[in-house]
Structures are given as C-alpha cells and as structure tokens.
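Novice: take this sequence and fold it.
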Amino acid sequence: MAFSKNPFLIILSAPSGGGKSTILQEILKRTDRIEYSVSYTTRKPRGTEKNGLHYHFVSEEEFKDRIKAGDFLEHANFCGKFYGTSISYIRSRLAAGKHVIMDIEVQGAAQISVTNIPYVKVFILPPSLEVLKERLINRQTDTLEEIEKRLVVARYEITQISNYDYLVINDNLEDAVDDVMCIIKAEENRVDRYTQPDIEFLK
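Specialist: A predicted model of the protein is given here:
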C-alpha cells in the first residue's frame, strides 16, 4: 500500500473509580487492532483480579529492581503503591502494528509525554466528585479512610486535565466508550499518523 498507518499508545487516565478500566475492557471487546498493556503493581489484588491478566502483582523489591534495570516506560507511586509499564512489551506490540491501550495515573502519563513513543492521552472524568465518591463506596474494595485519600488525589488529578488531548465525561458507560472509540478513529486518520507515500503513488 502507498499509505500505511502507524500504531500508537492510547493512554486513559482518571481518578480512582472514574471508570477507566471498565471503558478499556469494553474497547477491547469491540476491536482486535488494540492490545492491552498489563501494568506492574505492588498493591494487592482486588476482588476477582488475576495476576498476569489485570496486573502483574509483584513485591516492592522486585518493582524497584525493574526500575534500576530500566524496564519501565513509566512508573508512579499512587496512594503508597507502585505502578509501572514495561517498555519492552510496548515496543514489541507497536512494532507488530498494534495500538496499545493502557490505564495509568497522571504521573505516569506525564512521563510518557516526554518520550519518543507516539500516543494520544484521554482523561476520563465522572460527572461530579459526589458521583465518584459513591462509586468508590459501592465497589467495596477500600475503607472510608482510603476513599477519602483517593478523593484528595482525585482533586489534584483533575487539575491536570489541560495536559491531555481529550476529555470524556463518564456519565453513561456506553456513551463514554463510544466517545473513546471515536477519538481513536480520528487519531488513526491524522496525517502525521501515516507513513510517507512512496514515489509510485505520486506518479
């Protein structure tokens, strides 16, 4: 083909409980051209989460060893727990022509912004902090003290929205997923996502 599209990272960020992981899973159900980057974390599994599927659950010692080895594209400390993304996995999937979608905190997203890896950043926002608190309570995975800590962090994260390319309000899940899919399609068709046409095409 004369033109071909270059794959890129799709970065989803949101306050804890904002719905980024749910939106991500719905997107993966709709297309096979996007793969999920399983992050590393030092936190414990929640509910039915499985190692290697939802996260790579590792010790703090192993996580710090991976930092020293340069194994992370980005890493961050969120509410006392570490999270990170394997750079070797990202590069291998992009080289294979796949987009890679990831749900990461604003700290990690900022680190990716200064790399040479192509990306689009989408911030997912609940309709209000009251709704966010209700969602955190309803998922029954955190104590009230932990929820209050997450809300403090959420207030800071919301101030970082201007560092993102797109904002999606997650009031209705189906609409939010549709919005993110439209963003991905639009980004695929940006001129700078294409390789240069060959000489034969221009004749």
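
Novice: what about the helix or strand harbouring Val180, distance to the chain center?
Specialist: Under the criterion of DSSP states H and E, Val180 resides in helix 173-188. Offset of helix 173-188 from its chain centre (C-alpha atoms, centre = their mean, to the nearest Å): 14 Å.

Novice: show the average pLDDT along it.
Specialist: Mean pLDDT, helix 173-188: 96.

Novice: go through that helix and flag the buried ones.
Specialist: Neighbour counts over helix 173-188 (16 or more other C-beta atoms under 10 Å) mark 176-177, 179-181, 183-184, 187-188 as buried. C-betas here are computed from N, CA, C, even on glycine.

Novice: pull the most distant pair out of those.
Specialist: Ala176 and Glu188 (19.2 Å; C-beta to C-beta).

Novice: quick one, what contacts Asn77?
Specialist: Contacts for Asn77 were tallied using C-beta atoms under 8 Å, 6 or more residues apart in numbering; they are 83, 107.

Novice: mind listing what's buried in the helix or strand hosting it?
Specialist: Taking DSSP H and E as the criterion, Asn77 maps to strand 72-78. Neighbour counts over strand 72-78 (16+ other C-beta under 10 Å) mark 72-76, 78 as buried.

Novice: where exactly do the strands run in this protein?
Specialist: Using DSSP state E, the strands of the chain run over 9-13, 34-36, 40-41, 56-57, 72-78, 81-86, 99-103, 119-125, 166-169.
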